[in-house]
Each structure stands twice: as structure tokens, then as C-alpha cells.
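# quick one, structure for this:
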Amino acid sequence: MKLGLLNALNVSGRRPQSAAVALITNYVPTTLRNDITGHVGLTFTTVAAITISELGRWVVSGNSQSHTISLVKWSDKSVVASAVVATAGATPGQFLYAACTPVTLLAATYYAIVSTETSGGDQWYNASAGNQVVFTSGTYSGYCYSTSTIPNLVDGGVAARPFGPPDAKYTS
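Below you'll find the predicted structure:
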């Protein structure tokens, strides 16, 4: 029994990190804002089928709220996965992830990842020039937002400029 537990642990005594890879491999933030109550995020098209296992949000210094991150299939605006990311005490300047029920995204399909935000609440980054992301799997399209519910998401379509940004981790 001890051997089985030891086999499941790495040398440090902790469970091994997930083999999942982040969709966003590089991010350059620009202007902060917090003036929307609703959803902000990004849109992308998958190149191949991938399985999403974690959803995340970029943490800004001073963030302290919990945010629901949703993965949305654009064609019918259905939420295919979600997770709550609690930013209180998190390290700023990086993504913070939470596990979601794994979901396989179809190849060549348009999706959005959005974070729930509150006007006057935690800050997030604007979709402005210089606010760049680099994707590992898929074609990044642009920003999206809604000042109400997810079915009312608007596609901003400005390449490489996300709101937030939210992110996801996947395996092929």
C-alpha cells in the first residue's frame, strides 16, 4: 500500500503536475480596467481536437475576488466547461488555474473563454494594442465580451488582443 502511494508521488512528496499545456504561452499586458459587469475574454478556433482540464485567469496585483471562467462553444453559446478561480492571495503577474470537468473540443471549431467580472471589482487587462497573446493549439481570433449573460457575447474580432485574459490548459 505504501509503495502504491510512493509511486503516485514525485520526489518532493507531492503529486506530479498535470501534463496539460496552457493555450496561452506568452502574454504581454497593457492597460488595466474594471468597468464591465458581465463577461470578458477571448475567442479562438481549434486546429485539432484537444481536451481541456483546467481554466484560468490572469492575476493582477490587488485582485481578491473569485471569478467563474467559462469555456463557450460559439455556435450555440453553450457553456461546455467552467471553473471558479479565487484570486485572493494569488501571485500577481501570472495565470491562476482551477480544475474543470475535462471536455474534448472539436477540431476546426470556434470557442470563447470568458471570465465573470464586476464593475469596480478586480482589475483585468484591456484589449488594446500591445496586449498580445501567443497560442499553442488553435488560432487566436480576438476579444469578446457581454454586459449581461453568455448568450449575448459579442465577438470583437481584433486579432491578438484579448480582454482579461482567461486561459485554459489542455492535452492533445
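
# what's the following helix or strand after the longest strand anywhere in the chain?
Counting residues, the longest strand in the chain under DSSP state E turns out to be strand 94-105. Moving toward the C-terminus from strand 94-105, the next helix or strand (DSSP states H and E) is strand 110-117.

# what's the following helix or strand after the lowest-mean-pLDDT helix or strand in the chain?
The weakest-scoring helix or strand in the chain, judged by mean pLDDT, DSSP states H and E, is helix 2-8 (a mean of 33). Sequence-wise, the next helix or strand downstream of helix 2-8 (DSSP H and E) is strand 21-22.

# that following strand: how far from the chain's middle?
Offset of strand 21-22 from its chain centre (Cα atoms, centre = their mean, to the nearest Å): 10 Å.

# again, but for stretch 165-172
On Cα atoms, centre = their mean, the centre of stretch 165-172 falls 6 Å from the chain's centre.

# stretch 140-155 too?
14 Å.

# strands along this structure, start to end?
Using DSSP E, strands in the chain cover 21-22, 24-28, 32-33, 38-45, 50-59, 66-73, 78-86, 94-105, 110-117, 124-125, 132-135, 139-146, 154-155, 166-171.
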